[in-house]
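Enquirer: coords please:
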Amino acid sequence: MKSIEPRRFIAFLVLVVWISTCGVMNAVGAQSSASPLLWGPNLGAPGSTSVAVSWQSARLVAVDLHYGLARVVDTTGQWEETLTFERQEGHAEVWLRDLLPGTTYRYQVVVYEGDAVTSSEVGSFRTLSADQRAMQFVVYGSSRGRPELHRMVADAVRAGDAEADLLIHAGDLVAVPTLEHFANHYWATGDLAFSRPMVFVVGDHEHGAEMYYELMTLPHGGGTSREQWWSIDFGGLRMIGLDSTVAGDEIAMATQTEWLRGILTSPAAGLTVVVLHHGLYGASYMNGRNHEVATVWEDLFVQGGVRLVLSGDATCYEHVYRRGIHHVNSGGGGAPLMEEPNRVAPGTVSRRYGLLHYVRVSLADEALRVEAVPVASVSSGGAIYAASEGTPFDTFVIRLTD
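Expert: Numbers count the residues shown, from 1 in each chain. Purely as a prediction, here's the structure:
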């Protein structure tokens, strides 16, 4: 690949392209073989001066990536920068750097195949800011297996939380880590992640899969590809993504825990949130506690000032409060839902079963407002009843001064 020389010094990019075997896929909702794009463009790995744009092409094409300040593009109708790639095939991940903090940009991907030209719609993204004191993000997990239900959740987020700054998937995004199943994921989330950066933590079904790291656009941190665990700081919030699937691997857990301790002891202004696949508490664990994970990390979370832990392994909603930390499991992303167990985890505040849902988290005035939003009920026989309105069924507030 070869990019054009920028007209000015405005942007610097790092391009990583993975070549994978591509062909016509039978994935639900995958773009037809007539289109050279199997999915994308999508946004990921947000920062204060950077963002990543990714897409998947079915065959060898040429690509232009246009972008520029929204106020300039909207006023002049012209792009400030165009990055040209003469030969691209498979997965492309382009990092745009040296952007302005807290600023809205427009972008568009144009694909050339012979005389045919395929243009994406014009998308938008907003960089994060160290001075940012108000923002919103959405979390859900366990979307594997039923892409049509996953899309129902993604569409509900897009309709109800259009202003969300960030999307987070809490693991188990595919049933099997193959190109076809990842195409299902991108079909379900394509409209959502087109103008909102989406990041992920590793679930059981992605654990150990090289394709996960090739196809997901993630913040840098540590472990495999420096993306297995990660952290993002912006304004009044620090967000940490962990890999709980290695809880039985003593060496991997020790390496990750050392990294985590360094992050938690480094200076941070505001609230700290952790996202991982397996929660520390829940009714699916014996005695309501995930001893394998909690034994290693709970004290560190408490000492490090973590106030909210979000997970997505159990395919239900559970909110447990223990030792000053709110533990919220949101596994209603479309995977088969679990039946209500006979036991209740100690410290349980709220729980719901048989419900597709997501969690909305809003930061404002040094406080986090957490809301669990219903999407649809699923009966034991598989009937789906869409929620008539997205009124939260569980809401609570975490204040910095609490």
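Enquirer: Every contact and neighbour count from this point should use C-alpha atoms.
Expert: OK.
Enquirer: and stretch 390-402, average pLDDT?
Expert: Averaging pLDDT along stretch 390-402 gives 90.
Enquirer: And stretch 147-154, by the same measure?
Expert: Mean predicted lDDT for stretch 147-154 stands at 96.
Enquirer: Other residues contacting the helix or strand hosting Leu260?
Expert: Here Leu260 sits within helix 250-265, counting by DSSP states H and E. Helix 250-265 has contacts (CA atoms under 8 Å, 6 or more residues apart in numbering) with Gly222, Gly223, Trp229, Ser231, Val246, Ala247, Val296, Trp297, Leu300, Gly304, Gly305.
Enquirer: 10 Å - rerun?
Expert: Residues outside helix 250-265 that contact it (CA atoms under 10 Å, 6 or more residues apart in numbering): 221-223, 228-231, 238, 240-247, 266, 272, 293, 296-297, 300-301, 303-306.
Enquirer: Mind checking which of the residues you listed land in strands?
Expert: With strands taken from DSSP state E, the overlap with those comprises Gly221, Gly222, Trp229, Trp230, Ser231, Arg238, Ile240, Gly241, Thr272, Val306.
Enquirer: Using TSV, lay out these together with neighbour count.
Expert: Putting the ones in strands among the contacts of helix 250-265 into TSV (neighbours: other CA atoms under 10 Å) gives the following:
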residue	neighbour count
Gly221	20
Gly222	17
Trp229	26
Trp230	24
Ser231	19
Arg238	19
Ile240	22
Gly241	26
Thr272	21
Val306	21
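Enquirer: Greatest separation within these: which pair is it?
Expert: Across the ones in strands among the contacts of helix 250-265, no pair lies farther apart than Gly222 and Val306, at 19.5 Å, counting by CA to CA.
Enquirer: Tell me which helix or strand Asn184 sits in.
Expert: helix 179-193.
Enquirer: returning to that earlier point: if we go by neighbour counts, what in the helix holding Leu260 is buried?
Expert: Across helix 250-265, burial judged by 16 or more other CA atoms under 10 Å covers Met253, Gln256, Thr257, Trp259, Leu260, Ile263, Leu264.
Enquirer: after whichever strand in the chain runs longest comes which helix or strand?
Expert: In the chain, taking DSSP E as the definition, the longest strand is strand 51-69. With elements assigned by DSSP H and E, the helix or strand that comes after strand 51-69 is helix 70-76.
Enquirer: Pull that next one out as PDB, backbone CA atoms only.
Expert: The C-alpha trace of helix 70-76 is given here as PDB (Å, rounded to 0.1, in the frame of the first residue of the first chain):
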ATOM      1  CA  ALA A  70     -16.400  18.800  10.500                       C
ATOM      2  CA  ARG A  71     -16.600  22.600  10.500                       C
ATOM      3  CA  VAL A  72     -14.400  22.800   7.500                       C
ATOM      4  CA  VAL A  73     -16.000  20.000   5.500                       C
ATOM      5  CA  ASP A  74     -19.500  21.100   6.300                       C
ATOM      6  CA  THR A  75     -18.700  24.700   5.200                       C
ATOM      7  CA  THR A  76     -16.600  24.100   2.100                       C
END
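Enquirer: can you list contacts of it?
Expert: 67-69, 77-80, 103-107, 124-126.
Enquirer: one more time with 7 Å, if that's ok
Expert: Contact partners of helix 70-76, identified using CA atoms under 7 Å, 6 or more residues apart in numbering, comprise Trp79, Thr104, Tyr105, Arg106.
Enquirer: need those residues in CSV with secondary structure, can you?
Expert: Compiled in CSV, the contacts of helix 70-76 are given as follows (DSSP: H, G, I helix; E, B strand; the rest coil):
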residue, secondary structure
Trp79, coil
Thr104, strand
Tyr105, strand
Arg106, strand
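Enquirer: now, the most widely separated pair of the residues you listed?
Expert: Trp79 and Thr104 (13.8 Å).
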